[in-house]
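> okay, sequence plus prediction incoming.
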Amino acid sequence: MYFRKLYTLVFLRNDTHILLGLKKRGFGVDKWNGFGGKVEINETIIDAAIRELKEESCVVVKKCNLKNIGHLEFTFEGDPTMMDVRVYSASIFEGAPTETDEMSPKWFAYTEIPFQDMWPDDIIWFPFMLKGSC
Ligand SMILES: Nc1[nH]c(=O)nc2c1ncn2[C@H]1C[C@H](O)[C@@H](COP(=O)(O)OP(=O)(O)OP(=O)(O)O)O1
């Protein structure tokens, strides 16, 4: 039996490139990933996605430009908490991705995703996301 905790994960992308951030501290440090984090109490999931993206990359995205593309559930051995992660993508946004205390952003070509420096599950589901089948 797991306790669910809601998280967001946002990917900015165009037809050829995706923006990833190198996590500089805390959970997932030194891994490339999308931008996201915990949904706070009294906050909608989409508001959390917008807030975390801005906090971690300085990019602003409007609700109408966020597309819900997936739902991932992660569990970790010996931990009773399930990470219930709502995944979004956006291709229209304002501002230039900028390094913050938490993340260092970089655009990657779809053919050059650094899977060796990412969560081990990413290589399984990224290909579905990149070819637009989710
Ligand atoms: N196995 C996995 N594969 C993946 O691609 N993303 C994962 C993952 N496990 C967790 N994530 C994502 C979900 C979420 O966007 C992020 C974890 O969020 P954080 O712990 O950084 O949350 P917060 O930014 O709220 O944390 P604080 O540092 O406490 O503020 O990592």
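Perfect, thanks for sending it.
> how about the residues of this protein near the ligand?
Remark: the part of the chain in contact with the ligand comprises 7-9, 26-28, 33, 36-38, 74, 83, 85, 119, 121-122, using C-beta under 6 Å from any ligand atom. The C-beta positions use only the backbone N, C-alpha and C, and glycine is treated the same way.
> again, only this time at 8 Å
7-9, 23, 25-28, 33-38, 52, 55-56, 72, 74, 83, 85, 102, 118-122, 125 (C-beta under 8 Å from any ligand atom).
> so which of the residues you listed sit within helices?
Judged by DSSP state H, helices contain the following of these: 52, 55, 56, 122, 125.
> tell me which of these is nearest to the ligand?
residue 122 (4.8 Å; C-beta to the nearest ligand atom).
> could you find the closest non-adjacent residue to that closest one?
residue 115 (6.1 Å; C-beta to C-beta, 6 or more residues apart in numbering).
> same deal with residue 43?
residue 51 is the one closest to residue 43 (C-beta to C-beta, 6+ apart), at 7.4 Å.
> what about that neighbour, distance to residue 122?
23 Å (C-beta to C-beta, to the nearest Å).
> could you check which of those two is surrounded by more residues?
residue 122 (20 against 16; other C-beta atoms under 10 Å).
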